[in-house]
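Novice: quick one, fold the following:
(one chain, ligands or ions: 1)
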Amino acid sequence: MNRENRKSLLHLIIGILFIISFPACSPSQTNIESPNSILQLQFKIDNGEAFYSLSRKGIPVIEKSLLGFELKEHEKFWKDWEIESTDRSSFDETWEQPWGEVQFIANTYTEMVVNLQGIAEPTKKLSIVFRLYDDGLGFRYEFPESGYLNDFVIMDELTQFNLKANHKAWYIKAYQDNRYEYLYESSPVNNMGIAHTPVTMETADGLYISFHEAELVNFASMTIEATGSNGLKANLVPWSDGTKVNCSTPSKSPWRTIQVAESPGDLITSYLILNLNEPNKMDDLSWIEPGKYVGIWWELHLAKTTWGQGPNHGATTSNTKKYIDFAAKHGFKGVLVEGWNQGWDGDWIKNGDQFSFTKPYNDFDIKEITDYALSKGVRLIGHNETGGAVLNYEAQVEDAFEFYNNHGVRAVKTGYVNHGPSIKRIDENGDVQLETHHGQFMVQHYQKVNDLAIQHQIMLNVHEPIKATGLRRTYPNMMTREGARGQEFNAWSPDGGNPPEHETILPFTRMLAGPMDFTPGIFDLTFEEAKPDNRVNTTLAKQLALYVVFYSPFQMAADLPENYEANLKPFKFIVDVPCDWADTRVLNAEIGEYITTVRKDRNSSDWYLGSITDENERSFSIDLDFLEDGKEYLAQIYKDGEGADWESNPYPVEILEETATKDSQIEIKLAAGGGQAIRFIQIN
Ligand code: NOJ
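Specialist: As a prediction, this is how the structure comes out:
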């Protein structure tokens with residue numbers, strides 16, 4: 001039993017001591033409060049139907065909202081309930097992340113388990129587990145073994161999230177062709193349609209609310225549908241036959257999560273989603289290590305080289321060695337190489353089942369490369385693009401991970417590029433069915449791949465993933481993932497790439513779910529020769545600030561080595577900045593406008609600051625009271641230089657040094673589309 005498990009067990013025992021059980025005949029309404037009485041939850045049975053409501057300091061957040069399911073052979077499963085018993089307990093622990101945005105996380109909640117039984121059919125059972133934190137609510141359904149259900153099929157989840165008003169919401173619409181890769185929309189929530197989670201809202205009375213889910217395992221992912229009149233309803237992503245989830249008792253749903261905060265930054269430093277996941281289940285974490293990487297990647301997206309074979313093939317032995325030399329020289333731990341394996345020639349998205357994950361192209365000598373890399377203290381990062389052909393991948397994935405493991409590779413980036421419901425599955429009649437990336441079939445697939453990755457000591461970076469739901473707590477090899485529009489859109493998107501506000505929305509939406517492999521750090525922002533019609537829509541200083549504002553345990557320095565060699569002064573920030581943190585604080589923020597984040601290095605006493613803005617220039621005065629009392633720091637400042645502007649003049653960066661203490665203030669001036677990055681080095 002590792003340290004976290006032992007600690008959790010002890011706390012569980014203490015928690016259990018406080019369980020108070022209310023047997024049958026308890027009233028049809030029951031309430032709990034969060035540990036510091038910030039949130040109040042009410043559960044009630046009304047006319048045989050189950051409802052909950054949530055308020056914050058007495059102000060309604062979720063008004064009376066239905067709970068329950070429609071099942072295939074029990075259409076009215078959501079009706080005819082009475083409370084059989086309720087169990088209440090409280091729990092308080094602090095656990096340590098092996099890597100992360102903070103080192104220690106307090107997990108403090110009040111729990112109420114409401115055990116329901118059918119009035120007419122007492123063997124019909126359902127338990128709803130509520131965990132109420134000061135920063136939000138998690139609840140899940142548990143289907144016990146009671147003889148009433150064995151194997152069953154969920155046709156619809158009826159969970160509602162009825163709001164008090166038509167709040168402003170930020171979201172990406174669900175059921176679109178290109179998975180999660182769209183610009184965020186914002187509108188009054190009644191106009192939202194059906195959206196992926198996290199969906200984040202700002203209320204007129206100054207609260208920030210975000211809806212998501214935690215511990216998505218063997219279930220369909222939940223999208224949220226605006227039903228009108230401020231109503232929201234869970235909408236589970238279906239299988240190809242329209243059913244939602246296949247289950248067997250005993251089973252449980254993922255947690256439905258509602259984070260509630262007084263400032264947008266408090267959503268970022270709420271760890272509710274991680275807390276709701278189970279503690280680490282892996283014994284040996286010695287091979288798990290966050291780190292920065294470079295790779296044969298941006299040159300492919302700029303079409304300077306190709307994934308497939310030909311005169312400009314990118315993944316050659318000599319090109320890879322060039323990146324290894326660069327990585328070794330500047331202290332990067334990994335080199336990602338895409339297009340190294342057979343299957344890329346022709347239309348690889350259409351022909352994903354042609355990919356081999358163990359056969360390199362002839363000009364890629366993997367043994368020579370990995371020996372060379374290891375001799376320089378660098379590791380190759382593997383790449384398995386599946387084109388969404390998961391049956392082909394599942395047939396090879398063990399061999400692929402073994403192959404990599406034998407070559408000293410410890411991290412693999414996977415990919416599932418394909419559009420709409422395009423994932424082939426063979427049904428029980430031998431017919432091909434097309435599934436989506438976000439239904440139960442793919443949730444199972446992503447988990448299967450991660451289980452095998454653990455067996456072969458592989459850390460994962462999943463592109464075209466299922467959204468993050470905090471499983472990295474349980475499986476700390478699940479490092480990072482994509483799941484939104486990343487930097488690559490700037491290389492080729494016909495709409496001109498990500499507008500400057502994009503990076504000021506991601507931290508409050510996609511990134512509340514978990515780390516994102518955005519791949520910051522482009523220095524040649526306009527790349528006129530390679531792609532005259534595309535560019536990166538930020539200043540150079542903003543690219544630096546993204547390393548602090550965006551959290552990921554793997555961070556890429558995405559640009560070409562020559563663009564860094566030509567700009568070694570600003571590049572020093574990318575070399576210096578860590579990607580494993582002891583602490584994180586958000587100093588100021590408005591969703592879609594600006595954000596300033598500070599993080600403390602996990603392995604030194606240094607602090608780092610990143611501040612970014614949308615298309616508007618801004619200035620702030622920042623108190624440095626996060627710095628340690630009585631210590632002096634050297635602040636290395638990388639700011640937008642004179643005349644900088646993302647559109648007309650993105651390159652000027654001013655680099656200066658000054659001393660600072662916790663009593664100092666610092667003036668931050670951000671150009672339009674700009675940013676500022678600071679390293680605070682403790683000097684005495
Ligand atoms: C999409 C991924 O997001 C990108 O990083 C990768 O280069 C391509 N697929 C090819 O696998």
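
Novice: from here on, just use CA atoms for contacts and neighbour counts.
Specialist: OK.

Novice: now Lys322: how far from the ligand?
Specialist: 19 Å (Cα to the nearest ligand atom, to the nearest Å).

Novice: averaged pLDDT, the helix or strand hosting that residue. What do you get?
Specialist: For Lys322, the host element (DSSP states H and E) is helix 317-330. Per-residue pLDDT over helix 317-330 has a mean of 98.

Novice: is it true that Val260 touches Tyr208?
Specialist: Yes - assessed by Cα atoms under 8 Å, Val260 is found in contact with Tyr208 at 5.7 Å.

Novice: okay, the residue in the stretch 201-350 of the chain positioned nearest to the ligand: pLDDT?
Specialist: The ligand sits closest to Trp297 of the stretch 201-350 of the chain, with a gap of 6.0 Å, by Cα to the nearest ligand atom. Here, the pLDDT recorded for Trp297 equals 98.

Novice: just give me the neighbour total for it.
Specialist: 23 (other Cα atoms under 10 Å).

Novice: hmm, it is touching Trp340, no?
Specialist: No - contact criterion Cα under 8 Å: Trp297 and Trp340 do not qualify, at 11.4 Å.

Novice: now Glu394: how far from the ligand?
Specialist: Taking Cα to the nearest ligand atom, one finds Glu394 at 17 Å from the ligand.

Novice: just the element for the residue lying closest to that residue once chain neighbours are set aside, please.
Specialist: What sits nearest to Glu394 in space, not counting adjacent residues and going by Cα to Cα, 6 or more residues apart in numbering, is Val449, at 7.8 Å. Val449 belongs to helix 440-455 when assigned by DSSP H and E.

Novice: averaged pLDDT, the helix or strand following that helix. What do you get?
Specialist: Later in the chain than helix 440-455, the nearest helix or strand by DSSP H and E is strand 459-462. Averaged across strand 459-462, pLDDT comes to 99.

Novice: so strand 459-462, near the ligand or not?
Specialist: No - taking Cα under 6 Å from any ligand atom as the criterion, strand 459-462 and the ligand are apart, separated by no less than 8.7 Å.

Novice: by contact count, what packs against that strand?
Specialist: Where contact means 3 or more Cα pairs under 8 Å, 6 or more residues apart in numbering; DSSP states H and E, strand 459-462 is packed against strand 411-415, helix 440-455, strand 478-481.

Novice: same for the helix holding Lys322, what does it pack against?
Specialist: Helix 317-330 packs on strand 291-296, strand 334-337, helix 366-375, going by 3+ Cα pairs under 8 Å, 6+ apart.

Novice: and the angle for that helix with strand 291-296?
Specialist: 150 degrees (axes from the mean of the first three to the mean of the last three Cα atoms, to 10 degrees).

Novice: between Val260 and Tyr208, which one's more packed in?
Specialist: More crowded of Val260 and Tyr208, by other Cα under 10 Å: Val260, with 28 against 24.

Novice: so what sits against both of Val260 and Tyr208?
Specialist: Shared contacts of Val260 and Tyr208 (Cα atoms under 8 Å, 6 or more residues apart in numbering): Leu267.

Novice: so which residues on the chain come close to the ligand?
Specialist: Going by Cα under 6 Å from any ligand atom, the residues of the chain near the ligand are 297, 385, 415, 417, 463.

Novice: next one: the spatially closest residue to the fourth one that is not a sequence neighbour from Ile423, what distance?
Specialist: Counting by Cα to Cα, 6+ apart, Val417 lies nearest to Gly387, which is 4.7 Å off, once chain neighbours are set aside. Separation of Gly387 from Ile423 (Cα to Cα, to the nearest Å): 9 Å.

Novice: residue contacts, Leu41?
Specialist: Going by Cα under 8 Å, 6+ apart, Leu41 touches 31-33, 52-55, 132.

Novice: distance from the helix holding Val449 to the middle of the chain?
Specialist: 17 Å (Cα atoms, centre = their mean, to the nearest Å).

Novice: strands of the stretch 101-250 of the chain, start to end?
Specialist: Secondary structure of the stretch 101-250 of the chain, counting by DSSP state E, counting those that start in this stretch: strands at 104-118, 125-133, 136-143, 151-157, 162-163, 168-171, 185-188, 194-196, 199-202, 208-214, 222-228, 231-236, 245-248.

Novice: again with the stretch 451-600 of the chain
Specialist: Secondary structure of the stretch 451-600 of the chain, counting by DSSP E, counting those that start in this stretch: strands at 459-462, 478-481, 554-556, 581-590, 594-601.

Novice: to Ala327, which of those strands lies closest?
Specialist: Ala327 sits nearest to strand 554-556 of all those, at 11.1 Å, using Cα to Cα.
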